[in-house]
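Peer 1: sequence first, then the predicted structure:
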Amino acid sequence: MSLELNLTEAESYFHEIVYKQIAEKAQKSHQALFSEDAPFTGWVKLPEQIAESELLDIEQAASEIKKSSDTLVVIGIGGSYLGAQAALQFLSPSMKNRGLKAPEIVFAGKDFSADALSELMGYLKNREFSINVISKSGTTMESAVAFRILKNLLIEKYGEEESRKRIYVTTDGKSGRLLAYSKKMGYRRFIIPSSVGGRYSVLSAVGLLPLAVSGADIRKVINGAKEALLFLRSEPADKNPAVLYAAARNSLYAGGKFTEIFAYFEPHLSYLAEWWKQLFGESEGKEYAGIYPSSALYSTDLHSMGQYVQQGKRDLFETFIEIKNSENKVLLPYSEDDFDGLNYLAGTSLTEINLKTMRAVSSSHFDGGVPIIKISIERADEYSFGYLVYFFELSCGISGYTLGVNPFDQPGVEFYKKKMIELLTNKSKDVK
């Protein structure tokens, strides 16, 4: 198994009877995910169902992009970009150490900032670039605006015919404006399965195409996810990390712990934290219920939020992510004058110092009344990323069902979109 779950510093906060009831619900939720054909649950078996032909198409397109471009612009918002950016950042130390040459990958379409887009456009004028636009419908405003503007820039630079060869579309395979437009224009297309929602789509072409362009081995990503699927599908509930994590979260929530902090000690996990927040926040934050997902980078945030976590309101718990082995070995040198008093650490690796810091923080926060859940992986490679992503997706589905909400819709997201369109079309002069 590529992942370990430790609940030792959380179990003392479980109410025995309540936990037993929640654990039974979690077990039934696990069974339901694998036995029912509910809407938007196509991700559950995706790692073992993705076709060889699709992987070959993705790899071929990635090869084309590498030959023609030194920059790939990925246009998307929410689940259409967070998973890909999480993967690229997660793997960055490993990829750099391999010395692989690949196009730079930048992201657009996740806001309406004129400053940010202008800066990107100025940068792209001096680059050979291609576009991968990701949207199920093609009408998500942030991404649609960026695509229209950057498509025009592409045409100005390369002309109509050549620009068509540099646009790659990842969208729904059955309906939507982007699908119809991409067919009309002859763009290269990749499919987001209709049964897979955006925040669960990183193991589809949504995440795999940018990853392949970066030089990552997408087959290792899928193999990691497949191993997670096989293990987490068959492992008994009382030993199943996904079931146990979901049950632990819901038990702590029932005991008044309403905020979960995703605590990590490596900066290259920051977008994994952002993806995790969307996954759980958009899946469970419904019907005026759900755990609020937050994140903290330690030890950096110990010098800003550490005081609150240690001694603030006791309505939170932490989930620590540990990477046991680093790609880089940096040792603290010996100093003749020992000006900083650190010679007792001379010869110690920063990885060891980081891991010891994690244990110290975990112990301190636990002593301060914060339940701690620990998740450990061996290293930050493609296999581990696939495994970790599938673990969190399955845990989230189980947790949402256990909470009693539908973890695969997002009705609340539509409210701001409706208000925004009303304002932009002048249908309402006073939107409150």
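Peer 2: Received the coordinates, thanks.
Peer 1: what sits up against the lengthiest helix in the chain?
Peer 2: Longest helix in the chain, counting residues (DSSP state H): helix 141-165. By C-beta atoms under 8 Å, 6 or more residues apart in numbering, the residues outside helix 141-165 that reach it are 68, 73, 75-77, 80, 108-112, 117, 120-121, 124-125, 129, 131, 133-135, 138, 166-167, 185-188, 417, 420-421. For every residue, glycine as well, the C-beta is placed using N, CA and C.
Peer 1: in the stretch 301-432 of the chain, which spans are strands?
Peer 2: For the stretch 301-432 of the chain, strands defined by DSSP state E, counting those that start in this stretch occupy the ranges 316-323, 372-377.
Peer 1: got any ranges where the stretch 301-432 of the chain has weak pLDDT?
Peer 2: For the stretch 301-432 of the chain, applying pLDDT under 70 flags the ranges 427-432.
Peer 1: and the helices in it, which stretches?
Peer 2: For the stretch 301-432 of the chain, the helices defined by DSSP state H, counting those that start in this stretch cover 306-311, 350-367, 382-403, 413-424.
Peer 1: what is the orientation angle of the last one with helix 141-165?
Peer 2: Read that as helix 413-424. On the basis of axes from the mean of the first three to the mean of the last three C-alpha atoms, to 10 degrees, helix 413-424 is oriented at 80 degrees to helix 141-165.
Peer 1: looking at the contacts of helix 141-165, which are in strands?
Peer 2: Residues of the contacts of helix 141-165 located in strands (DSSP state E): 73, 75, 108, 129, 131, 133-134, 167, 188.
Peer 1: who wins for most neighbours among the residues you listed?
Peer 2: Highest neighbour count within these, by other C-beta atoms under 10 Å: residue 134, with 33 neighbours.
Peer 1: how about it, what does it touch?
Peer 2: Taking C-beta under 8 Å, 6+ apart, one finds 74-76, 80-81, 143, 170-171, 192, 206 in contact with residue 134.
Peer 1: run the last query once more with 10 Å
Peer 2: If you count contacts by C-beta atoms under 10 Å, 6 or more residues apart in numbering, residue 134 has them with 74-81, 83-84, 109, 140, 143, 147, 168-171, 178, 190, 192, 198, 201, 205-207, 209-210.
Peer 1: try residue 7
Peer 2: Contacts for residue 7 (C-beta under 10 Å, 6+ apart) come out as 13-14, 241, 244-245, 247-248, 251, 371-374.
Peer 1: how about the residues you listed, which pair is most distant?
Peer 2: Maximum pairwise distance among these (C-beta to C-beta): 18.6 Å, between 13 and 241.
Peer 1: find the nearest non-adjacent residue to residue 188, please.
Peer 2: Closest residue in space to residue 188, ignoring its immediate chain neighbours: residue 168 at 4.9 Å, by C-beta to C-beta, 6 or more residues apart in numbering.
Peer 1: am I right that residue 398 is in contact with residue 30?
Peer 2: Yes. Counting by C-beta atoms under 10 Å, residue 398 does reach residue 30; the two are 5.2 Å apart.
Peer 1: the more surrounded of these two?
Peer 2: residue 398 (31 against 25).
Peer 1: what sits against the one residue sitting closest to the centre of the chain?
Peer 2: The structure's the chain has its C-alpha centroid closest to residue 275; by C-alpha atoms, centre = their mean the separation is 2.9 Å. Taking C-beta under 10 Å, 6+ apart as the criterion, residue 275 is in contact with 78-79, 81-87, 89-90, 199, 202, 207, 262, 389, 392.
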